[in-house]
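Asks: need coordinates for the below:
(4 chains)
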There are 2 protein chains.
Amino acid sequence: MAKAKPKAKPRRRLDAETARELILDATEKRLAAQGPSGIRLQEVAADAGVSHPTVLHHFGSRELLVKAVIARSLHAINLTLVEAINASSGDEKQLEAMMENVATALERTGHARVLMWLTLEGHRVDGAEASLSTVVDAAHALRLSQKKCAIRPTREDTARTVVLGALALVGGAVLVPALIENAGLGKDARAAIHFRSWLARLLITHLDA
Amino acid sequence: MAKAKPKAKPRRRLDAETARELILDATEKRLAAQGPSGIRLQEVAADAGVSHPTVLHHFGSRELLVKAVIARSLHAINLTLVEAINASSGDEKQLEAMMENVATALERTGHARVLMWLTLEGHRVDGAEASLSTVVDAAHALRLSQKKCAIRPTREDTARTVVLGALALVGGAVLVPALIENAGLGKDARAAIHFRSWLARLLITHLDA
DNA sequence: ATAGCTGTCGACAAATTTGTAGATAAAGGT
DNA sequence: ACCTTTATCTACAAATTTGTCGACAGCTAT
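Replies: As a prediction, the model looks like this:
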């Protein structure tokens, strides 16, 4: 009766680049929460406030959407790491702060979970992104220059220390909350912070010994 | 012409318990490979050599199958850990061997990946299974009895050391191969073993310091 | 204004996946 | 032998998910 035309829906029209970013934002949330294989076009579309054919229009296929969001996430992770490393001087006191910065960033953005999903599902994570060898080189050069140790440390030892730190940051963001509660260290969020602080001091002690 | 009866298919008939175990074996492979949400009834049925309604007959629903395989895996993990811990005396030289035993077991069976999937997808892993606090208690008692250290170590410190070891074992089984290659430590399998050996010595040094 | 470009959506199609129903056959007990 | 039980299968159904198609509508240029 009232309406001859069923609905006159207002339809927003974004430029392609804005729409892609909007959709990628929604996709990245799903990526962190459910992993690459858990990404659903309809859920992503609903989160982005569009219909799922619109997603396909902008990305071609689900697989290309997943590739795009993974590439964007890895790029963002790389930027985060480079920024955190450059912001801190080589000073030892700042290693703890740097690790805490990286850890909170990886946790807040869900990027630690993303890295874990990608590794578990067998996606390649290497390439220019997230290359640890540059970190190892910088850390080893700094270590040698300080000459605090009696015997000259090997690059292998420095590399293993860096790997342990990376493992604690990435794997820790996923596992440590559960492990800490299981080990009777309390279930409060500060326990994870204290653990990272403790670990940073342990690594510093080893690097100087 | 040749056959009036289309096919006289031999149909094997297992008792319920055997069939359940057979199906759970196939399911566990998929669990380690693709995670809980990646388990597909048809794939599991094909791997087990049965039809997918047979799987539903024995487990009721996909969700109950997933619950059953998770429970069985956690139980097996618990047995592995208890066995590895009991097999090693408290001797420090054996800490490295114990960690190596646990690491290879977690890797060979895919249980490290299972634990990571479960944590990422938000399943509860706690309970009687995989409780770290008993490990912490044992390690701390041993540490106090040895009295090698000048200042009395806190239980918190011991707990954090155990958490770091657990993190390295579980998260390491998934992440370390990728990290090691990325850090320029070589892509060969021995690099992971050497990393764990190095870590064991680092932990011992800390516990004694 | 008017026309073209294209971002957007509703409706449909095809494939996958979980679950159901009925028939069949393999075992054991009587 | 016969009957009961139940493990197993084929065939089908319902829901989900990805992808396609055609129409509509907002933006820009002329």
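Asks: contacts and neighbour counts: CA atoms only from here.
Replies: Will do.
Asks: which helices and strands does the helix or strand of chain A with the lowest mean pLDDT pack with?
Replies: None of the helices or strands of chain A scores lower by mean pLDDT, DSSP states H and E than helix A:132-146, at a mean of 88. With contacts defined as 3 or more Cα pairs under 8 Å, 6 or more residues apart in numbering or on different chains; DSSP states H and E, helix A:132-146 has these neighbours: helix A:155-182, helix B:155-182.
Asks: contacts (any at all) between chain A and the first helix or strand past the last one going along the chain?
Replies: As assigned by DSSP states H and E, the chain's next helix or strand after helix B:155-182 is helix B:189-208. Yes. Using Cα under 8 Å from any Cα of the partner chain, we find that helix B:189-208 touches chain A at B:195, B:198, B:202, B:206.
Asks: out of those, which end up buried?
Replies: When the residues of helix B:189-208 next to chain A are checked for burial by 16 or more other Cα atoms under 10 Å in any protein chain shown, the buried set is B:195, B:206.
Asks: need the residues of helix B:189-208 next to chain A in CSV (columns: pLDDT and distance to DNA strand D).
Replies: Listed next are these as CSV, based on pLDDT from 0 to 100; distance: Cα to the nearest atom of the strand, whole Å:
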residue, pLDDT, distance to DNA strand D
B:F195, 96, 39
B:W198, 97, 43
B:L202, 97, 45
B:H206, 94, 48
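Asks: what's the farthest-apart pair in the residues of helix B:189-208 next to chain A?
Replies: Using Cα to Cα, those span at most 16.5 Å, a distance reached by B:F195 and B:H206.
Asks: who touches the one residue sitting closest to the centre of chain A in this structure?
Replies: What sits nearest the mean C-alpha location of chain A, by Cα atoms, centre = their mean, is A:H111, with 2.4 Å. Neighbour list for A:H111: A:32, A:73, A:77, A:105 [criterion: Cα atoms under 8 Å, 6 or more residues apart in numbering or on different chains].
Asks: burial of the second one, as a residue count?
Replies: In terms of burial, A:S73 registers 22 neighbours under the definition other Cα atoms under 10 Å in any protein chain shown.
Asks: same check on the last one?
Replies: Neighbour count of A:A105, defined by other Cα under 10 Å: 17.
Asks: secondary structure element for A:M99, which one?
Replies: Element membership for A:M99, per DSSP H and E: helix A:93-108.
Asks: run the angle between the next helix or strand after that helix and helix B:155-182 for me.
Replies: Sequence-wise, the next helix or strand downstream of helix A:93-108 (DSSP H and E) is helix A:111-120. Between helix A:111-120 and helix B:155-182, the angle comes out at 50 degrees (axes from the mean of the first three to the mean of the last three Cα atoms, to 10 degrees).
Asks: quick one: low-confidence parts of chain A?
Replies: Along chain A, segments meeting pLDDT under 70 span A:1-8, A:90, A:92, A:127-130, A:147-149.
Asks: ok, and what's touching the helix holding A:M99?
Replies: Outside helix A:93-108, the residues touching it (Cα under 8 Å, 6+ apart) are A:77, A:80-81, A:84-85, A:88, A:111-113, A:169-170, A:173, A:193, A:196-197, A:200-201.
Asks: at 7 Å what do you get?
Replies: The contact list for helix A:93-108 (Cα atoms under 7 Å, 6 or more residues apart in numbering or on different chains) reads A:81, A:84-85, A:88, A:112, A:169, A:173, A:197, A:200.
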